[in-house]
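1. Kindly return the folded structure for what I paste below:
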Amino acid sequence: MRNVTLSVDDEILRQARAYAQRHGTTLNQMIRELLERTVTAPAGDSPLEESFRLADGADSRGWKWNRSEIYDSRGESPS
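-> Prediction:
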């Protein structure tokens, strides 16, 4: 395994380290996994497509989205 040097904004680095710690991993492991997923993803598998794929597999426990309820919970009315 080779070492790579990256330049990262100080605040982004601080936030990334805190995120990794909250999720019980290291910044190195997060970067390795991100790079691996990025370069091994099937052609055309964009982040948006991955989001849709994940949403399709989500368990809503039978609950269905209702536009009126969403607006009601935000204190707004649909236009």
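2. what about this structure, any weak spots by pLDDT?
-> Counting by pLDDT under 70, the ranges of the chain that qualify are 41, 43-45, 73-79.
3. just the helices in it please.
-> In the chain, the helices defined using DSSP state H lie at 10-22, 27-40, 47-56, 67-73.
4. number of nearby residues for L13?
-> Using other Cβ atoms under 10 Å as the criterion, L13 is surrounded by 13 other residues. Where you see a C-beta, it was placed from the backbone N, CA and C, and this is true even at glycine.
5. how about it, what does it touch?
-> Contacts of L13 were listed using Cβ atoms under 8 Å, 6 or more residues apart in numbering, and they are L27.
6. Can you tell me how far it is from I31?
-> Taken as Cβ to Cβ, to the nearest Å, the spacing of L13 relative to I31 amounts to 11 Å.
7. do the same with P42
-> Using Cβ to Cβ, which is the criterion applied here, P42 is 21 Å from I31.
8. Just want to know which of those two has more residues nearby.
-> Neighbour comparison, P42 and I31: the larger count goes to I31, with 15 against 6 (by other Cβ under 10 Å).
9. So R67 versus D56, what's the distance?
-> The span separating R67 from D56 equals 20 Å under the rule Cβ to Cβ.
10. Please apply the same query to L35.
-> 26 Å.
11. neighbour-wise, which of the two wins?
-> Comparing L35 with D56 by neighbour count (other Cβ under 10 Å), the higher total belongs to L35, at 11 against 7.
12. How about the contacts made by the more buried one?
-> Contacts were defined as Cβ under 8 Å, 6+ apart; by that measure L35 touches no other residue.
13. quick one, what contacts Y19?
-> In this structure, Y19 makes contact with M30, judged by Cβ under 8 Å, 6+ apart.
14. From D56, how far out is it?
-> 26 Å.
15. cool, I12 as well?
-> The separation that I12 has from D56, given Cβ to Cβ, amounts to 31 Å.
16. Please name the residues that touch Q29.
-> Counting by Cβ under 8 Å, 6+ apart, the residues that Q29 touches are A20.
17. Since that was my last question, I'll sign off now.
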